[in-house]
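**Student:** One predicted model, sequence on top.
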Amino acid sequence: MTAYERIYAVTRQIPRGRVATYGQVAELSGLPGQARLVGYALYRVVDPIGGDIPWQRVVNAKGKISYATRREGSDDLQRSLLVAEGIDFSPDDRIDLKRYRWQPTAPVALPDGDPSDASCG
DNA sequence: ATGGTGACGACGG
DNA sequence: ACCGTCGCCACCA
């Protein structure tokens, strides 16, 4: 079980029309402070548009898409995919996190990580 | 095994 | 609100 797999597992939980920040995914993945690793992990899946990982739904803490030459256009694609999901971008190409940020009410279901919710009260 | 890198994030001026 | 800078540490060569 690598850190990547945990990151992917969490990313898969992000519902359509909603976004999460790198830091948020990192924390939910049990990797607080490892926002950069999330970006790196998602970089490794750039292809699977038909895959199970909605990598498009992860943006930076500023509510913006991280543009980078390395992405070879996947950054622009990300914007298109989000717009297609009904997410609105401000004229400054920013997403209102207050409105679209994913707010997981229940513990994220990790492959073999316990939700630590056994107490149930 | 060691060292550099990075789709980030928080802080200071 | 903006930009520059350091830190974080798993991944990759």
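**Tutor:** It's in.

**Student:** which residues does A:Leu28 contact?
**Tutor:** Going by Cβ atoms under 8 Å, 6 or more residues apart in numbering, A:Leu28 touches A:10, A:13, A:20, A:104, A:108. Yep, even glycine has a C-beta here, placed from its N, CA and C like the rest.

**Student:** Am I right that A:Gly30 is in a strand?
**Tutor:** No - assessed with DSSP: H, G, I helix; E, B strand; the rest coil, A:Gly30 is coil; it does not lie in a strand.

**Student:** State the pLDDT value of it.
**Tutor:** Note for A:Gly30: predicted pLDDT of 90.

**Student:** same deal with the one 3 residues further on?
**Tutor:** The per-residue pLDDT reported for A:Gly33 equals 91.

**Student:** What sits closest to it if chain neighbours are left out?
**Tutor:** Leaving aside its sequence neighbours, A:Gly33 sits nearest to A:Ala26 (Cβ to Cβ, 6 or more residues apart in numbering; 6.8 Å).

**Student:** Please, which helix or strand holds that neighbour?
**Tutor:** helix A:22-28 (DSSP states H and E).

**Student:** burial of the residue of chain A found nearest DNA strand B, as a residue count?
**Tutor:** The minimum distance from chain A to DNA strand B, using Cβ to the nearest atom of the strand, falls at A:Gly39 (2.6 Å). Residues contacting A:Gly39 under the criterion other Cβ atoms under 10 Å number 18.

**Student:** hang on, it packs against A:Tyr22?
**Tutor:** Yes - between A:Gly39 and A:Tyr22 there is a contact under Cβ atoms under 8 Å: 5.4 Å.
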